[in-house]
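Colleague: task: produce atomic coordinates for the following.
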Amino acid sequence: MISRLIMVTASALVLIGSGYAFDNAAVDDVEGEMLVKAATESSLAAPAVSEVYNDIAPDATATEQLLLADTASQGGVLLGKVSPDAVAIEFDGQDIDIADDGSFLLGFNRDAANQALLRVTFSSGRVESRTLIVNPRKWNIERVNLPRRKRTASAAFQKRRAPELEQIVAARAFQSDSQGWRQQFIWPATGRISGRFGNQRIYAGVPGGYHTGVDIARANGTPIVAPADGVVTLAARKPFSLEGHLLMLDHGMGLNSAFLHLSKIAVNAGDSVKKGQYIGNIGSTGSATGPHLHWSMKWNAARLDPMLLTGPMPQ
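Modeller: Sure, this is the predicted structure:
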């Protein structure tokens, strides 16, 4: 979700509201499929959906302006805008793309530090620096008083897995001109949430990998739709070893989605899809304990919580 933006001068950046809000052990941490969801240490519900900002732009005659929506949160993103004389944005050391209308997107990993540095350079040469406060979230934690079971991948598995990982990396790296990142996201399917982003097991004091997406439990064959506009960057007709039939969409500006364990993929690589368009069916292919949709998202390297884009599951 994206809350309404507030325009401020370059000398007075204000952060307001609550965050809006993706994955990979390749795409998913398979251990996340095995999490016991009922045993929790603490939890934090996604904030309520607020109005999407899409109608306020910097004054075309003004200079050195910066707009930013919401305070940041772990697993979320922020949408901002800058005036036309902004020439560069740097976020924690990485260069950020700026859309033609001055809009930009920032993402915060599940374990993001409590502060992040934003630097905007204007054509005058002046640099505006601001420290963004990143609100921590509490995660569902299951503590197991046993050491983690060791797994050794066979040579045959590693040989089969290598080209799959190459395809996933290439799909994540592809950036289209899709405008889906500007939209209010919808759920690709509705149903019981059987796994939440950030869930984690700790084995005898040693943290395991956390769950990198949200799981929606529905019957095999249930249709799914695109949560926002996007371009298909991967459509695995042959099931991958872990992800099964894997579909990946690029929403633009470094934001992308992955849909795992599908029984059917209804689109092809290179297709442009619209928000709400049918794209496939839920299944249990790959490493899955039963039929469900695992939906994960990333902004560049940051893993995001899809539920922060959509708000609560519709009843």
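
Colleague: did I read that right, A116 in a strand?
Modeller: Yes - assessed with DSSP: H, G, I helix; E, B strand; the rest coil, A116 lies in a strand.

Colleague: run the chain-centre distance for stretch 249-256.
Modeller: Stretch 249-256 has its C-alpha centroid displaced from the chain centroid by 9 Å (CA atoms, centre = their mean, to the nearest Å).

Colleague: what do you get for stretch 216-229?
Modeller: Centroid separation for stretch 216-229 versus its chain: 17 Å, with CA atoms, centre = their mean.

Colleague: next: stretch 220-239.
Modeller: That offset, for stretch 220-239, works out to 16 Å (CA atoms, centre = their mean).

Colleague: with stretch 145-156 instead?
Modeller: The chain centre lies 28 Å from the centre of stretch 145-156; the measure is CA atoms, centre = their mean.

Colleague: quick one: the strands in the stretch 51-200 of the chain?
Modeller: Using DSSP state E, counting those that start in this stretch, the strands of the stretch 51-200 of the chain run over residues 65-68, 72-73, 77-82, 86-91, 94-96, 103-107, 115-122, 127-135, 141-144, 192-195, 200-203.

Colleague: which strands or helices does the fourth one pack on?
Modeller: Taking 3 or more CB pairs under 8 Å, 6 or more residues apart in numbering; DSSP states H and E as contact, the helices and strands that strand 86-91 lies on are strand 94-96, strand 115-122. C-betas here are computed from N, CA, C, even on glycine.

Colleague: got the buried residues for it?
Modeller: By 16 or more other CB atoms under 10 Å, the buried positions in strand 86-91 come out as A86, I89, F91.

Colleague: partners of that strand, with directions?
Modeller: When pairing is defined by DSSP bridges, strand 86-91 lines up against strand 94-96 (antiparallel), strand 115-122 (antiparallel).

Colleague: one more: the second one?
Modeller: Each strand paired with strand 72-73, and its direction, by DSSP bridges: strand 127-135 (parallel).

Colleague: ok so, going back, figure out which of the strands of the stretch 51-200 of the chain is closest to S296.
Modeller: Closest of the strands of the stretch 51-200 of the chain to S296 is strand 192-195, at 10.6 Å (criterion: CB to CB).

Colleague: follow-up on the earlier one: so which of the helices and strands packed on strand 86-91 is nearest G270?
Modeller: Closest approach to G270 among those (CB to CB): strand 94-96, 26.2 Å.

Colleague: buried set for the closest one?
Modeller: Across strand 94-96, burial judged by 16+ other CB under 10 Å covers I96.

Colleague: relative to L78, how far out is the residue nearest to G80 when sequence neighbours are not counted?
Modeller: Nearest non-adjacent residue to G80, counting by CB to CB, 6 or more residues apart in numbering: L68, 4.2 Å away. Taking CB to CB, to the nearest Å as the measure, L68 falls 6 Å from L78.

Colleague: so the two - more neighbours on which side?
Modeller: A direct count of neighbours by other CB atoms under 10 Å for L68 and L78 places L78 higher, at 28 against 24.

Colleague: how close does the more buried one get to A204?
Modeller: Taken as CB to CB, the span from L78 to A204 is 37 Å.

Colleague: also D95?
Modeller: Look at D95 and A204: by CB to CB, they are 42 Å apart.

Colleague: and for S194?
Modeller: Distance from S194 to A204, by CB to CB: 26 Å.

Colleague: more neighbours: those two, which one.
Modeller: When S194 and A204 are compared for neighbours, S194 comes out ahead with 18 against 10, by other CB under 10 Å.

Colleague: pLDDT score for the more buried one?
Modeller: The model reports S194 with a pLDDT of 94.

Colleague: now do V14
Modeller: Confidence at V14, expressed as pLDDT, is 29.

Colleague: same check on I202?
Modeller: On pLDDT, I202 comes in at 84.

Colleague: wait, it touches L146, no?
Modeller: No - with contact defined as CB atoms under 8 Å, I202 does not reach L146; the gap is 10.8 Å.

Colleague: where does pLDDT dip in the stretch 51-200 of the chain?
Modeller: 51-61, 69-70 (pLDDT under 70).

Colleague: out of the helices and strands packed on strand 86-91, which one sits most buried?
Modeller: Comparing those by mean neighbour count (mean count of other CB atoms under 10 Å), strand 115-122 comes out on top with a mean of 18.

Colleague: now the angle from it to strand 77-82?
Modeller: Here strand 115-122 runs at 20 degrees with respect to strand 77-82, directions being taken by axes from the mean of the first three to the mean of the last three CA atoms, to 10 degrees.
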